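Participant: The sequence and its predicted three-dimensional model are supplied below.
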Amino acid sequence: MSSHGTPIAMTSSPCGPLTGVAEVPGDKSISHRALILGAMAVGETRIDGLLEGEDVLDTARAMRALGAEVIDHGGGSYSVFGVGVGGFAEPDSVIDCGNSGTGVRLIMGAVATSPISVTFTGDASLNGRPMARVTDPLALFGARAVGRSGGRLPMTLVGAADPVPVRYRVPVPSAQVKSAVLLAGLNAPGETVVIEREATRDHSERMLAGFGAHIRTEMTDEGRVITLTGQPELRPQTIAVPRDPSSAAFPVCAALIVPGSDVLVPGIGLNPTRAGLFTTLREMGADLVYENMREEGGEPVADLRARFSPDLAGIDVPPERAASMIDEYPVLSVVAAFARGVTRMAGVAELRVKESDRIAAMADGLRANGVTVEDGPDWWAVTGLGQGKVPGGATVASHLDHRIAMSFMVLGMAAAAPVALDDGSPIATSFPIFTRLMGALGARISSAPQAG
């Protein structure tokens, strides 16, 4: 059950062709960062197309609690009146980040170099996730974190009164950790340096530069080296949030496996650090075309047209692509179930510590629906049954994970028998219009609140 509502049982039944235009919500990663950097700028930042899912709305509430003014103008249009770098006020109460690992880790970074104490909590899923991967580098700035055993929330972060700049090598590819360190570096003197062996999504670097921070990126023998000069005065911006490629993944993947489908998904952000899924699908033989390619707000954007693809073939997904599609592996595994041959996914250890253990959650659910899956610590392999041959018919657990929930709803659209879900309420954290949007395309998803 989500922290924002009662459990909602859902069932996705086999359907006819999915057709039409899928207007997916704004990008979640960019929405979080726009709110946080707007709160750290001086003056009014205007944001259009903000994702109004629970994760992002929790971040907006957190910025208000830290002293920024956040005004909802309706229709995804917001104003943020920032307090400046180092200007956050100590909140009066605990900050609840709901289900959002991105939100809590980025906010921790933003407050770590201010002389305030902030206590964070979340829902049952978030409170079970490890925070040491962020609090360890933040300690190098001088911040202190006190939480439950295993570095779990609820946790109080005591910001550094006299922060120092750091040089930090990210041990495992993670845009959240990189971004937290960069946000902390904003209020530290001198230069903060982050080194990542493999490039992860670069929305933070792009947006920091847009707000006027002095930031540079270079490729060296060490990897990708990002250098940020601390204590700038950030300039307010007008930000148009592109539509979320991670949300687009669901109507796109559904169209590829439901016979006769033809779906257009307009205005999708195609940042190279986020577009790994679409590259992978095309390598599998997907009829997926980019139309009207353009640039909006410093991000590459295109309209995606996805058509039913009966001859998908399993492939080995390159491990180095993982960072650019880490959130899309669950729904990719659904597509793999309808392909011919084996799809192998390696270098994905981070999936074990997302909102759920996504490898275990998808493997268990796919097996229950008649699909063969093998898995290890940082890999898994799905043996496809081919188009129209996935039995379905099982009830699976969402594990309080929005992407697990939506992935199994996609499975039910093309399986031989309906697929049921114990709790679809977490979908509201990232894609609150999912059921309505997919229904308008022709999907058959039913839901009912559960007692208790």
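Facilitator: Sure thing, it's come through.

Participant: Quick check: closest non-adjacent residue to the residue located most distally from the centre of the chain.
Facilitator: Distance from the C-alpha centroid of the chain, by C-alpha atoms, centre = their mean, peaks at residue 162 (32.4 Å). For residue 162, ignoring the flanking residues on the chain, the nearest one in space by C-beta to C-beta, 6 or more residues apart in numbering is residue 142 at 6.4 Å. The way it works is simple: take the backbone N, C-alpha and C, and place the C-beta from them, glycine included.

Participant: residue contacts, the residue nearest to residue 415 when sequence neighbours are not counted?
Facilitator: In space, and not counting its chain neighbours, residue 415 is closest to residue 392: 2.7 Å by C-beta to C-beta, 6+ apart. Counting by C-beta atoms under 8 Å, 6 or more residues apart in numbering, residue 392 touches 14, 369, 370, 411, 412, 415, 416, 417, 418, 419.

Participant: do that again at 6 Å, thanks
Facilitator: Contact analysis of residue 392 by C-beta atoms under 6 Å, 6 or more residues apart in numbering lists 369, 415, 416, 417, 419.

Participant: Could you check the pLDDT of residue 150?
Facilitator: Note on residue 150: pLDDT of 89.

Participant: which SS state does it fall under?
Facilitator: Secondary structure, DSSP: H, G, I helix; E, B strand; the rest coil: residue 150 is coil.

Participant: how close does the residue nearest to residue 162 get to residue 105?
Facilitator: 18 Å (C-beta to C-beta, to the nearest Å).

Participant: So for the two, which sits in the more crowded spot?
Facilitator: Taking neighbours as other C-beta atoms under 10 Å, residue 142 and residue 105 compare with residue 105 leading, 26 against 19.

Participant: Where does that one sit: helix, strand or coil?
Facilitator: Going by three-state DSSP: residue 105 is helix.

Participant: Next one: it, what pLDDT does it get?
Facilitator: Confidence at residue 105, expressed as pLDDT, is 97.

Participant: From residue 187, how far out is it?
Facilitator: Residue 105 sits 17 Å away from residue 187, going by C-beta to C-beta.

Participant: next one: residue 289
Facilitator: 45 Å.

Participant: higher neighbour count, those two?
Facilitator: When residue 289 and residue 187 are compared for neighbours, residue 187 comes out ahead with 26 against 13, by other C-beta under 10 Å.

Participant: Would you double-check that that one falls in a strand?
Facilitator: No - using three-state DSSP, the assignment for residue 187 is coil, not a strand.

Participant: Now do the contacts for it.
Facilitator: Per C-beta under 6 Å, 6+ apart, neighbours of residue 187: 85, 86, 113.

Participant: Okay, buried residues for stretch 31-43 please.
Facilitator: Across stretch 31-43, burial judged by 16 or more other C-beta atoms under 10 Å covers 31, 32, 33, 34, 35, 36, 37, 38, 39, 40, 41.

Participant: Pull out the buried positions in stretch 176-189.
Facilitator: Using 16+ other C-beta under 10 Å as the test for burial, stretch 176-189 gives 176-188.

Participant: Stretch 394-409 now?
Facilitator: Those would be 394, 396-409, for stretch 394-409 by 16+ other C-beta under 10 Å.

Participant: Show me this structure divided up by domain.
Facilitator: 8-26+242-449, 28-159+166-234 (automatic domain parsing).

Participant: Chain neighbours aside, what residue packs nearest to residue 262?
Facilitator: Using C-beta to C-beta, 6+ apart, the nearest residue to residue 262 is residue 307, at 5.0 Å.
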